[in-house]
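Novice: Structure of the sequence below:
(one chain, ligands or ions: 1)
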Amino acid sequence: MSGSGAKFKAAVPRLGIGLPYFASLPAEFYQCGAIDFVEITPEILCRQRPAGNATELKIVPQQMERARSTCAGLPVVVHGVELSIGSAHGWNEAYLEMLDTFQKMWPFVWHSEHLGFQTFRGSDGCTQEVGVPLPLPPTNEAADLVARRSATILERYGVPFLLENPAYYLPDPPSDPEIGDDIGLMRKILERSGSLQLLDLHNVYCNAINHGFDPFAAVDRMPLDAVAEIHIAGGSWDGGFWMDAHDGRVPEPVWELLEYTLPRCPSVGGIVFEMLDDHVSRLGDGILQELTRARKVWMSCGQGGGYGATRFSDVTRAVSACL
Ligand SMILES: [Fe+2]
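Specialist: Coordinates of the predicted model:
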């Protein structure tokens, strides 16, 4: 790991158990002890408008105010979706300009993005949306591009920047032998930039099912000393693929992966249970059960700290009253 990597790794506090911000959940849910920190996707607080050949991304003050009031002083981390850090023709500068404003209004502990791309330059010279985030080929060119941009982001925001391993549905993209695969690509980018990893274990599980490999062996090859955050989530079958749909409870094999992986990540700051807003009301009490189980794993691995950890026995009763 580079010198700046060690510096930013040391800047990752032990936060504990996190949940994304959902406007549909009551503030009481975030404030009654089951959640140590909130992961917020800033784009959901924004309005998008065309601005020439680009798109302007502006924070809506009322939505920002509502989110801050809901989170009520809990530590916040940012999980962006619009940067498209791997696009060959350039990233989404409008996202970073929005994040500049966001950081001034609501400082975050760390922030993250997906290792992939979702835009390209069309034949008309304008930026086009792919429609779904795509993984990068494991090549030196891709590693250099993302490492350079990640280093710029570290300098710009001064807090740890994490890249998330994606789920992918097309196997065997063109690769350079010294990079090898998606794990080699992540390792190389982290080494060259000082950024850290957001390890999404459900994405590892998806890829293992869809492409037929052992997820535990894959975890063993990852740069676990640079993992600062872990995602767990649920998914579902569609068209013969297990999709990273974020539409349900965490599958049992993902819990097993978490129990295996967490003790091997000495710098991890938190675990986040991901889901989509559309499924919040259907999951109901299931959200609390997933958060409670994640906390048990967190505590059993000796991961101290965490706002809720000291009053774990009060959590179940308090949160049940909020739902
Ligand atoms: Fe994720």
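
Novice: neighbours of the nearest residue to residue 97 once chain neighbours are set aside, just the number please.
Specialist: Counting by C-beta to C-beta, 6 or more residues apart in numbering, residue 97 lies nearest to residue 57, which is 7.3 Å off, once chain neighbours are set aside. Where C-beta positions appear, they are placed from N, C-alpha and C, glycine not excepted. As a burial measure, residue 57 scores 23 neighbours (other C-beta atoms under 10 Å).

Novice: Show me what the strand or helix carrying residue 57 packs onto, helices and strands only.
Specialist: In this structure, residue 57 sits in strand 54-59 according to DSSP states H and E. Helices and strands touching strand 54-59, as assessed by 3 or more C-beta pairs under 8 Å, 6 or more residues apart in numbering; DSSP states H and E, comprise strand 46-51, helix 93-105.

Novice: What mean pLDDT does the shortest one get?
Specialist: Put plainly, it is strand 46-51. Averaging pLDDT along strand 46-51 yields 85.

Novice: now that strand against helix 93-105, angle please.
Specialist: Strand 46-51 and helix 93-105 are oriented at 140 degrees to each other (axes from the mean of the first three to the mean of the last three C-alpha atoms, to 10 degrees).

Novice: From the chain's centroid, how far away is strand 46-51?
Specialist: 23 Å (C-alpha atoms, centre = their mean, to the nearest Å).

Novice: what's in contact with that strand?
Specialist: Residues outside strand 46-51 that contact it (C-beta atoms under 8 Å, 6 or more residues apart in numbering) are 55-60, 63, 94, 98.

Novice: In three-state terms, how would residue 25 be classified?
Specialist: Using DSSP: H, G, I helix; E, B strand; the rest coil, the structure places residue 25 in coil.

Novice: on that earlier part again, next SSE after the strand holding residue 57?
Specialist: Counting by DSSP H and E, the next helix or strand C-terminal to strand 54-59 is helix 61-71.

Novice: Checking the residue located most distally from the centre of the chain next. Helix, strand or coil?
Specialist: Most distant from the centre of the chain: residue 124, at 32.7 Å, with distances by C-alpha atoms, centre = their mean. For residue 124, the assignment made with three-state DSSP gives coil.

Novice: Kindly report the same for residue 187.
Specialist: helix.

Novice: Number of residues surrounding it?
Specialist: 19.

Novice: residues touching it, list them.
Specialist: Residue 187 makes contacts with 222-223, as judged by C-beta under 8 Å, 6+ apart.
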